[in-house]
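Trainee: below: sequence and its predicted model.
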Amino acid sequence: MNHIIAGQDAHGNDIKLDYIDHGQGKPVVLIHGWPASYKMWEYQLTALTDQGFRVIAYTRRGFGNSSKPFEGHDYDTYADDLKAVLDKLDLQDVTLVGFSMGGGEVARYMGRHGGARVSRVAFVSAVTPFLLKTADNPEGVDRATFDGMIEGLEKDRFSFLQDFGKNFYGVGLLSNPVSDATLNWTQAMCEVADPHATIVSARAWSETDFRQDLTTIKVPTLVIHGGDDALVPPKVSGERMTKFVPHAEFIEYAGAPHGLFIPEKERLNRDLITFVHGGDIQKTADRY
């Protein structure tokens, strides 16, 4: 396995981020969602590499095969870890693609590190701009919803992940957008995450306000969100993004769930390829 060192934990041990680096050409960095690993990008890694891009995907601390320190599960640290990836690989002219929780890394990196090395950003089913309902964010989600998730994880993490996977992909009595094998693969990937990191990071993505970070973004920006996302509703997230990033292009995938990177993989791959090339996403969208 390849690792990038992103600082040390409280005991002086190196924090190693597991990553994959395929292809040559303009770099695209893929940032995964909660509580998965870079392996969730399986279909995007192949498609983007085949189009002549250098594709890097890494697993954040606490998840997958990366180090699992007790501390550092906050977005300032996550953004610093992303900076370590870009710096250690000396990447330039980068397109960042953040899915769900990973969209928070993109936003915080752009705000905290001035968008260094980055030429484009894409938010897919992202938790931005701010999920939690507060006095100055009345469009958000009630805290009780997130408290219920934490309670479910603490009671029976494995049962929670099983139910979460179905909601993630929009599986129901009359809807089977992914196979049982995909559900099992997703659960196995998520079970590897550290239980403590899973809980603490859930608080981070549900309670962190990215609105100020988003206003610093000046590079071309793409926002993709599933119209039937039951976990991160588009009215709370994707539909609000242009308020903070006025030049962003927002594309809604009608009927798509939160985990659209598999059931909508052909469309997502095509849109990301078009975006990295600087093409017209709307022409791609009009095909659907």
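Mentor: Good, I have the coordinates.

Trainee: my guess is N137 contacts F130. True?
Mentor: Yes. Here N137 reaches F130: they are 5.2 Å apart, a contact under Cβ atoms under 8 Å. C-beta: built from backbone N, CA, C; applies to glycine.

Trainee: overlap in contacts, the two.
Mentor: Counting by Cβ atoms under 8 Å, 6 or more residues apart in numbering, the residues touching both N137 and F130 are D209.

Trainee: the stretch 51-200 of the chain: strands as residue ranges?
Mentor: Residue ranges of the strands in the stretch 51-200 of the chain, as given by DSSP state E, counting those that start in this stretch, are 54-58, 94-99, 118-124.

Trainee: helices along this protein, start to end?
Mentor: Ranges of helices in the chain, per DSSP state H, are 42-50, 75-88, 101-112, 143-169, 180-191, 195-207, 211-215, 241-244, 265-276, 281-285.

Trainee: got a list of what the closest residue to A197 other than its chain neighbours touches?
Mentor: Once flanking residues are discounted, A197 sits nearest to G62: 2.7 Å by Cβ to Cβ, 6 or more residues apart in numbering. Listed by Cβ under 8 Å, 6+ apart, the contact set of G62 reads K68, P69, G72, H73, A193, D194, H196, A197, T198, S201.

Trainee: include mean pLDDT, distance to G170 and mean neighbour count when you put the strands of the stretch 51-200 of the chain into TSV, please.
Mentor: TSV is the format used below for those (pLDDT from 0 to 100; distance: least, Cβ to Cβ, whole Å; neighbours: other Cβ atoms under 10 Å):
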stretch	mean pLDDT	distance to G170	mean neighbour count
strand 54-58	98	24	24
strand 94-99	99	15	27
strand 118-124	98	15	25
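
Trainee: in TSV: those, plus distance to E42.
Mentor: Below are those laid out as TSV (distance: least, Cβ to Cβ, whole Å):
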stretch	distance to E42
strand 54-58	9
strand 94-99	13
strand 118-124	15
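
Trainee: and those: which comes nearest Q187?
Mentor: strand 94-99 (17.5 Å; Cβ to Cβ).

Trainee: just to revisit the earlier point, any quick PyMOL command for the buried ones out of the contacts of G62?
Mentor: Here is the PyMOL command that selects the buried residues among the contacts of G62 (16 or more other Cβ atoms under 10 Å):
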select buried, resi 68+69+72+73+193+194+197+198+201
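
Trainee: would you turn the contacts of G62 into a markdown table with pLDDT and distance to Y43?
Mentor: Formatted as a markdown table, these follow (pLDDT from 0 to 100; distance: Cβ to Cβ, whole Å):
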| residue | pLDDT | distance to Y43 |
| --- | --- | --- |
| K68 | 98 | 27 |
| P69 | 98 | 30 |
| G72 | 98 | 30 |
| H73 | 98 | 28 |
| A193 | 98 | 21 |
| D194 | 98 | 26 |
| H196 | 98 | 30 |
| A197 | 98 | 25 |
| T198 | 98 | 24 |
| S201 | 98 | 24 |
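
Trainee: thinking again about what came up before, and the helices of the chain, which is most packed in?
Mentor: helix 101-112 (a mean of 27; mean count of other Cβ atoms under 10 Å).

Trainee: packing partners for it?
Mentor: In terms of contacts (3 or more Cβ pairs under 8 Å, 6 or more residues apart in numbering; DSSP states H and E), helix 101-112 is packed against strand 27-31, helix 75-88, strand 94-99, strand 118-124, helix 195-207, helix 211-215.

Trainee: just the buried residues of the longest strand seen in the chain, please?
Mentor: Longest strand in the chain, counting residues (DSSP state E): strand 14-22. For strand 14-22, burial by neighbour count (16+ other Cβ under 10 Å) applies to I15, K16, L17, D18, Y19, I20, D21.
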